[in-house]
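J.: Turn this into a structure:
(6 chains)
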There are 4 protein chains.
Amino acid sequence: MRTQELREFSPRKTPVQARSGVTVEAIQEATIQVLLEHGRERLTTTRVAERAGVSVGTLYQYYPNKRALLFSALEQHLSRVGDAVERACREQLHQPLEPMVKGVVEAFVDAKMERTDISLALYSIASELDGEVLVRRIGTRGRNALATMLETAPGVRFENVQFTVMMMFAAITNATRAVLESGASPKMVRMLRRELVLLCHGYLACSGTPKLE
Amino acid sequence: MRTQELREFSPRKTPVQARSGVTVEAIQEATIQVLLEHGRERLTTTRVAERAGVSVGTLYQYYPNKRALLFSALEQHLSRVGDAVERACREQLHQPLEPMVKGVVEAFVDAKMERTDISLALYSIASELDGEVLVRRIGTRGRNALATMLETAPGVRFENVQFTVMMMFAAITNATRAVLESGASPKMVRMLRRELVLLCHGYLACSGTPKLE
Amino acid sequence: MRTQELREFSPRKTPVQARSGVTVEAIQEATIQVLLEHGRERLTTTRVAERAGVSVGTLYQYYPNKRALLFSALEQHLSRVGDAVERACREQLHQPLEPMVKGVVEAFVDAKMERTDISLALYSIASELDGEVLVRRIGTRGRNALATMLETAPGVRFENVQFTVMMMFAAITNATRAVLESGASPKMVRMLRRELVLLCHGYLACSGTPKLE
Amino acid sequence: MRTQELREFSPRKTPVQARSGVTVEAIQEATIQVLLEHGRERLTTTRVAERAGVSVGTLYQYYPNKRALLFSALEQHLSRVGDAVERACREQLHQPLEPMVKGVVEAFVDAKMERTDISLALYSIASELDGEVLVRRIGTRGRNALATMLETAPGVRFENVQFTVMMMFAAITNATRAVLESGASPKMVRMLRRELVLLCHGYLACSGTPKLE
DNA sequence: CATGAATGAGGTTTCATTCAT
DNA sequence: TATGAATGAAACCTCATTCAT
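T.: Numbering: from 1, shown residues only, chains lettered A, B, ... in the order given. The predicted structure is shown next:
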């Protein structure tokens, strides 16, 4: 079952010739463009292919179905963000809470703001693919990295790290989303960064219990 | 334009007869059921009508189109939650931060947990209707009530209440969503309540500046 | 599994209004017409609907998919033929071999020749649907009736009636097919009748062993 | 018109190199395999090429189109069977009816049973290519050989040999098909042989009229 | 000669919506 | 008013075939 699900999304062929690499990228970019211009409801495989300058048939040589196309777009984005968060977490191991929070928040916000168009476009399909195994797995990666990091924070212990992390994650992602959806002016992004650090640090400070080492 | 948009969603006829009231309710309930059972992608007007025990024709007598149907379901739910939050805000005017937060969080979580099935079902259509005027307006109501309340908190002042509220709101709604989507066991809901209060209060305490009165 | 298979072919809705009865018949007739005019390869649901004077949508209200459409055409025809054979078999119970064979052959050939166009058209789809449960079941009906009849023939016994019947059935159906496919002129049909009786009776006479009663 | 038709099916190039011979054979074998595994509906040129270990392009170097591919598979098989029958007929010239029938039936059944997989696979495409000139011509070969043979049978004359042969042929081919499709166990094949001889001989004995020489 | 990426017409199927009954 | 048969645009997807590399 799981294998089948995974196969449903795995790309159909690995491009061996040079030109197909170009094609795949064109399709991926076109997916985002169409998503932003027409919205998820009106995103059709034909429109994406057209936008990418190829035929539908070509699109279907690389993606077995529409969901796989959307999935791939989402996955790539979430992976990038996940990577950024993981890296930040690794860098802040054993640091005090404050720099920890700061590092992670900056990494996340930066990653999201790098291509606001993509970030925005993908919110609309995230809900559609929410149930998917891989999507969940990717989301989990970030949370696990956070949990691991928090457990190395000196002088503080969290009763239920998983839950704490979930709370923090929910706050970070959704606040960022709200800012993105209301335009993401530089000023707002600056405020977002500052306030997210405040919010997360405040929460962790209250939620954790002192630990003797 | 806006008038037109608003008209597009308003129910076609006001149910004056007793029978119509029953029918409309049946359709609304059916919408939720179908949403939960088949998912948004496979929600069809025919299926909803069938589930409600009426014909498609009848459905179209009460809703001008499918979006109006979904919209109405979402609106009703959001209104209920919005009302609860507004009431809580009114009750906590001029209270200290802690009870304020506690009151609002409890009101929100309670409202969401009253019918977890509905709450869950509607997440899938929220993104679809996200751009709609009315939906935004409803979301705004809660935030305004929160802002108004916060400004009556004794001894503390917020530089940019709108932003602060937005942050808090984002955290509250998304954490609740995460809990709902992972099953919403009584234990988790209890933790959610407690941690949300911690998180919000921590944030507000950090974010606000002392105020001389 | 079997239930699912059966459902795949069962008509989608039972026509309750008068007009739909007409529609279904028009679609069935159109299926045959298109089959004859364009061949199975070029039979498309759109073409059938067009020919029937309805829209594709209407076609799909009565048949869940293309296979069901073809299946229904085949089933109706085979049932009719099967009925004729069964009736003939019942009428010849306990008769001597000669009238038995005559009765069955006549019944079969008559049934097939009643609408040579339909008979011909369906050969092309029979192979496609050959594996299907119901098709097999219908074919079995005729053979069972034949076997039952043969076992009541006075003074003769067959070692392996099933096999004997299969042989006879294969000969009858395929010879009829050959005649149909080469034009089925009245003269040929007359010869077919006579020779089939000869062939079957000759075979049964050789194949059976005398039985003391 | 006819010339064009014939050209449509002829292989595009005559395999002169050793390698090509291997390739063509691989493709033919792959055609059968795919036919058996996926069925005619899902037989695609790409799949056949893949299975044969070559690219689609290569396939199209040897066959001008898909029909030609199927046609060639069918033709080869039918030729082989036709050869066997012709040979048997030649060997039984001027023999009495009984050995004639025996010889032909054995030859036919043996030829069909040599590769039951191929025989089975081809039934599904026979109907599709039924109208083709060459296919018909091949079928005719066997019947002509049979007719020629029967006319040399001592002491018996057939009023309409063509028709008689057609009947016999229909019985032989379809009974064999039925046995193949129900598994073709050794025991069944043995019975098929015996009963076909009975059936054909019985028929010819009844159908023919004594002849003075 | 072989490859396999690209094509795009055309197939099947769905479903929001209308309207005669 | 309620019904549900009919509509048909439009979606997804396949696959025979070509041709630049």
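J.: domain ranges for chain A?
T.: Chain A is divided into the following domains under automatic domain parsing: A:2-64, A:72-210.
J.: For the helix or strand containing A:G82, buried residues please.
T.: A:G82 is part of helix A:66-91, with elements assigned from DSSP states H and E. For helix A:66-91, the neighbour count (16 or more other C-beta atoms under 10 Å in any protein chain shown) marks A:67-75, A:77-78, A:81-82, A:84-86, A:88-89 as buried. Yep, even glycine has a C-beta here, placed from its N, CA and C like the rest.
J.: so which of these are also by DNA strand F?
T.: Among the buried residues of helix A:66-91, the residues that sit close to DNA strand F (C-beta under 7 Å from any atom of the strand) are A:R67.
J.: Below-threshold pLDDT in chain A: ranges please.
T.: Where chain A drops to pLDDT under 70, the residues are A:1-7, A:13-19, A:212-213.
J.: Find the residue at the geometric middle of it.
T.: Centroid-nearest residue in chain A, with C-alpha atoms, centre = their mean: A:L78, separated by 2.9 Å.
J.: Might one say that that residue is in contact with A:T140?
T.: No - with contacts counted by C-beta atoms under 8 Å, A:L78 stays clear of A:T140, the gap being 10.8 Å.
J.: Can you give me the first-to-last residue distance of stretch A:52-64?
T.: When the termini of stretch A:52-64 are compared using C-alpha to C-alpha, to the nearest Å, they are 17 Å apart.
J.: hmm, that stretch in reach of chain D?
T.: No - Stretch A:52-64 stays clear of chain D (C-beta under 8 Å from any C-beta of the partner chain), getting no nearer than 10.6 Å.
J.: Counting by contacts, list what the helix holding A:G82 packs against.
T.: Contact here means 3 or more C-beta pairs under 8 Å, 6 or more residues apart in numbering or on different chains; DSSP states H and E; on that basis helix A:66-91 packs against helix A:2-9, helix A:18-38, helix A:45-52, helix A:97-114, helix A:116-126, helix A:133-150.
J.: which parts of chain A sit against chain B?
T.: So far as C-beta under 8 Å from any C-beta goes, chain A lies against chain B at A:40-41, A:123-124, A:126-128, A:130, A:160, A:163-164, A:166-167, A:169-171, A:173-175, A:177-178, A:181, A:188, A:191, A:195-196, A:198-199, A:201-203, A:205-207.
J.: ok, of those, which come out buried?
T.: A:40, A:123-124, A:126-128, A:163-164, A:166-167, A:169-171, A:173-175, A:177-178, A:188, A:191, A:195-196, A:198-199, A:201-203, A:205-207.
J.: Near chain D, list only the ones from those.
T.: Subset of these in contact with chain D: empty, counting by C-beta under 8 Å from any C-beta.
J.: Those in helices, which ones?
T.: A:123-124, A:126, A:163-164, A:166-167, A:169-171, A:173-175, A:177-178, A:188, A:191, A:195-196, A:198-199, A:201-203, A:205-207 (DSSP state H).
J.: that older thread, of the domains of chain A, which stretch is the most buried?
T.: For those, the largest average neighbour count (mean count of other C-beta atoms under 10 Å in any protein chain shown) is found in domain A:72-210, namely a mean of 18.
J.: In chain A, what residue comes closest to chain D?
T.: Of all residues in chain A, A:Q61 sits closest to chain D, at 10.6 Å by C-beta to the nearest C-beta.
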